[in-house]
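>>> Here you go, sequence then predicted model.
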Amino acid sequence: KKGKGQVPVKGSDERLWDIEKYGGYNKAKGTYFMLVESEDKKGNKIRTIEFVPLYLKKQIEQEEAEAIRYLEKQQGLKNPKILLKEIKIDSLFKVDGFYMWLSGRTGKQLIFKGANQLILSKQDTITLKRVLKFVQRRKDNKNLKIVEQDKLLQDDLRDLYDTFVDKIQHTIYHVRLGAQEKTLVGKRDVFLELSIEEQCIVLSEILHMFQCQSGAADLKLIGGPGSAGTLKIGNNISACKQILIINQSPTGIYEQEIDLKTL
């Protein structure tokens with residue numbers, strides 16, 4: 001409706017850009033991203049990763065002036081300069097040493113999924129497999145209880161919990177998951193007071209944060225957040241110490257690193 005929306009009805013027709021008169025869409029579907037250098041309010045150079053909306057894709061690809069106009073008028077950038085024209089969804093990034101895949105955006109934040117392979121000891125691996133097997137069965141019966149055949153012992157579950165905490169405290173996971181250290185350390189006693197079935201559920205949720213193609217973890221059972229461990233960074237990458245895009249050959253033998261701070 002008129003007066004509402006974030007995206008003009010037709011980006012190609014300036015007469016319909018006035019949302020107050022003609023209304024607009026609540027959110028533009030993105031197609032890919034681009035690296036842009038511009039100036040902040042004080043005139044300092046900044047670099048941002050800006051999404052390219054699907055409805056303007058054709059115009060932007062045909063003429064760079066259209067891209068500059070979009071960045072100025074709709075993204076509010078001052079003196080923008082496009083440094084990298086196309087950053088695809090699922091591109092592999094290395095941010096301050098942490099590997100992750102670009103999956104989308106929300107507002108001025110970029111959303112990622114983890115790309116670090118979790119390594120566990122043999123015993124923790126066995127315990128985790130048994131936990132996941134039980135949790136999968138429990139989806140069909142919420143009242144299902146652990147029995148002797150499940151071979152799940154509370155000491156093993158405690159050790160797996162402590163392993164996850166150690167991973168966050170002392171490995172590369174600390175770079176992006178460090179905010180969850182306080183929750184997992186502070187709620188350890190709460191975890192130990194849960195039933196063995198609930199402990200399995202919590203451990204399966206914590207695993208989501210560590211998996212490749214990671215997702216959020218529901219830690220409400222231990223008094224934590226319902227969506228912990230989501231990987232987001234601001235689209236202004238100037239504050240990152242290191243941010244690279246890594247292009248790999250299909251076999252993974254060859255790699256090309258693109259440093260977005262110095263490009």
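Received it, and whenever you're ready, just let me know what you need. Keep in mind that what you see is a predicted model, and the values were worked out from it rather than measured.

>>> rest of the way, CA atoms for contacts and neighbours
Noted.

>>> quick one, strands of this structure?
7-8, 24-25, 30-39, 45-53, 78-87, 92-95, 98-106, 109-114, 231-234, 243-248, 255-259 (DSSP state E).

>>> can you tell me which of those comes nearest to residue 220?
Within the strands of the chain, the stretch nearest residue 220 is strand 231-234; the backing value is 18.8 Å (CA to CA).

>>> Show residues contacting that closest one.
Defining contact as CA atoms under 8 Å, 6 or more residues apart in numbering, one finds that strand 231-234 is touched by 108, 109, 110, 111, 112, 113, 114, 176.

>>> tally of neighbours for the closest residue to the fifth one other than its chain neighbours?
Spelled out, it's residue 112. Of all residues not flanking residue 112 in the chain, residue 102 sits nearest, at 4.5 Å (CA to CA, 6 or more residues apart in numbering). For residue 102, the number of neighbouring residues by other CA atoms under 10 Å comes to 21.

>>> Look at residue 102 and report its pLDDT.
pLDDT recorded at residue 102 is 97.

>>> Return the distance of the nearest residue to residue 204 once chain neighbours are set aside relative to residue 223.
Closest residue in space to residue 204, ignoring its immediate chain neighbours: residue 132 at 6.4 Å, by CA to CA, 6+ apart. Residue 132 sits 22 Å away from residue 223, taking CA to CA, to the nearest Å as the criterion.

>>> Any stretches of the stretch 151-263 of the chain with poor pLDDT?
For the stretch 151-263 of the chain, applying pLDDT under 70 flags no range at all.

>>> hang on, the earlier thing: so who does the residue nearest to residue 112 touch?
Counting by CA under 8 Å, 6+ apart, residue 102 makes contact with 89, 90, 91, 92, 93, 110, 111, 112, 113.

>>> Now do the helices in the protein.
Remark: helices assigned in the chain by DSSP state H are 19-22, 57-62, 64-73, 122-138, 154-170, 174-177, 181-186, 188-193, 196-210.

>>> re the thing from before, out of the contacts of residue 102, which end up buried?
For those, a neighbour count by 16 or more other CA atoms under 10 Å gives the buried set as 91, 92, 93, 110, 111, 112, 113.

>>> show me what contacts residue 152?
127, 130, 131, 146.

>>> Can you tell me which of those is nearest residue 31?
For these, the nearest to residue 31 is residue 131 (38.5 Å; CA to CA).

>>> give me the number of residues near the nearest residue to residue 246 once chain neighbours are set aside?
In space, and not counting its chain neighbours, residue 246 is closest to residue 257: 4.6 Å by CA to CA, 6+ apart. Neighbourhood size, residue 257 [other CA under 10 Å]: 14.

>>> which ones are touching residue 257?
Residue 257 touches 244, 245, 246, 247, counting by CA under 8 Å, 6+ apart.

>>> Of the residues you listed, just the buried ones, ChimeraX syntax please.
Only the buried entries of these go into this ChimeraX selection, using 16+ other CA under 10 Å:
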select :244,245,246
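
>>> and residue 62, how many neighbours does it have?
Neighbour tally, residue 62, other CA under 10 Å: 10.

>>> Same question for the one 5 residues further on.
Here the number of neighbours of residue 67 (other CA under 10 Å) works out to 21.

>>> ditto for the one 3 residues further on
Counted with other CA under 10 Å, the neighbours of residue 70 add up to 20.

>>> Let me see the contact set for residue 36.
47, 48, 49, 50, 80, 81, 82, 83, 84.

>>> closest to residue 29 among those?
residue 50 (12.7 Å).

>>> Low-confidence regions, the stretch 1-150 of the chain specifically.
In the stretch 1-150 of the chain (pLDDT under 70), the answer is 1-17, 19, 24-28.

>>> Just name the closest of the contacts of residue 102 to residue 61, please.
Using CA to CA, residue 89 is the member of those that sits closest to residue 61, with 16.9 Å.

>>> just checking, that closest one touches residue 104?
Yes - using CA atoms under 8 Å, residue 89 is in contact with residue 104, at 6.9 Å.

>>> Grab the nearest non-local neighbour of residue 236.
Nearest residue to residue 236 in three dimensions, chain neighbours excluded: residue 48, at 4.3 Å (CA to CA, 6+ apart).
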